[in-house]
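Engineer: sharing a model prediction with you, sequence too.
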Amino acid sequence: MNETGKRIKEQYADTGGFTDHVFGITSILGYKFIPRIRDLPSKNLYLFGSQYTPKNLKGLDGGRLKENMIVTNWPDVLRMAATMTAGTIAPSQILRKLASYPRQNDLAAALREVGRIERTLFMLGWVLDTDMQRRAQIGLNKGESHHALKNALRIGRQGEVRDRTAEGQHFRMAGLNLLAAIIIYWNTKRLGEAVKQRENEGLDVSEEHLAHISPLGWAHILLTGEYKWNKKDE
């Protein structure tokens, strides 16, 4: 659902970014939601029916899933997903609305049950799949590097936006995004030139190594400029 038109396969998030509703809708829309959940042992697993729960998992048993709730409201769940896909309403807006509904709302409850299924499967997969853990960490590190770059560009007010009007705040954040985009573009262009030069010289440029290169660095950029004083002018 982004303006670039890129098809997202996996979406990484930190602990604060996950709810059962998000797990449910991302699975229906066809991509994998991979949050880094803090304090994983405190989260519950949900089961179908009355199957036997192993003793070592009894402490994680969060109860039984309401299959009838999902089946009854499945057409409405699909209509909601179609609305998101069509771009009629922003997914974030729909999810905020569902989260604000009382517990007895059938659509919100049905999506929550779907999310509990997906979250249970994810938690089991997370424990067993070290490669998934690694991918999530790398993805989150890129996001944190982007935030770190913007923090470095916030010179003078130490990251505070003190404009009182929404318009002023918008202009300030838009300017910050533009500066970050300029640096990322410049770094990307220079990295591309460096890769091309290595290829022209017959040197190896493996995709495995390129996957670890990021255009988010700024250590080589003088963010505050350079001041030179001419002693003759003094």
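Structural biologist: The structure has been received and is ready for your questions. Numbering: from 1, shown residues only.
Engineer: according to the record, where do the domains of the protein fall?
Structural biologist: Domains of the chain are assigned by automatic domain parsing as 10-131, 154-210.
Engineer: endpoints of the first one, how far apart?
Structural biologist: Spelled out, that is domain 10-131. 13 Å (Cα to Cα, to the nearest Å).
Engineer: hang on, the earlier thing: I'd like the domains of the chain as TSV, with mean pLDDT appended.
Structural biologist: Formatted as TSV, those follow (pLDDT from 0 to 100):
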stretch	mean pLDDT
domain 10-131	85
domain 154-210	84
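Engineer: CSV for the ones you listed, including mean neighbour count?
Structural biologist: Using the backbone N, CA and C atoms, a C-beta is placed for each residue, glycine as well. Shown next, in CSV, are the domains of the chain (neighbours: other Cβ atoms under 10 Å):
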stretch, mean neighbour count
domain 10-131, 15
domain 154-210, 11
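Engineer: same list (the ones you listed) but as TSV, adding distance to Leu222.
Structural biologist: Listed next are the domains of the chain as TSV, based on distance: least, Cβ to Cβ, whole Å:
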stretch	distance to Leu222
domain 10-131	32
domain 154-210	12
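Engineer: of all the ones you listed, which one comes closest to Leu216?
Structural biologist: Closest of these to Leu216 is domain 154-210, at 6.6 Å (criterion: Cβ to Cβ).
Engineer: show me where this structure has helices.
Structural biologist: 20-29, 67-86, 91-100, 106-128, 130-153, 166-200, 207-210 (DSSP state H).
Engineer: relative to Asp14, which of the ones you listed is closest?
Structural biologist: helix 130-153 (6.4 Å).
Engineer: packing partners of the closest one?
Structural biologist: In terms of contacts (3 or more Cβ pairs under 8 Å, 6 or more residues apart in numbering; DSSP states H and E), helix 130-153 is packed against strand 10-13, strand 32-35, helix 106-128, helix 166-200.
Engineer: coming back round to it: quick one: the helices of the chain as CSV, columns for distance to Leu47 too.
Structural biologist: Shown next, in CSV, are the helices of the chain (distance: least, Cβ to Cβ, whole Å):
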stretch, distance to Leu47
helix 20-29, 15
helix 67-86, 11
helix 91-100, 24
helix 106-128, 8
helix 130-153, 22
helix 166-200, 45
helix 207-210, 40
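Engineer: wait, which of the ones you listed is closest to Ile8?
Structural biologist: helix 20-29 (9.2 Å).
Engineer: ok now the closest one, how far from the chain's centre?
Structural biologist: Distance of helix 20-29 from its chain centroid, counting by Cα atoms, centre = their mean, to the nearest Å, is 14 Å.
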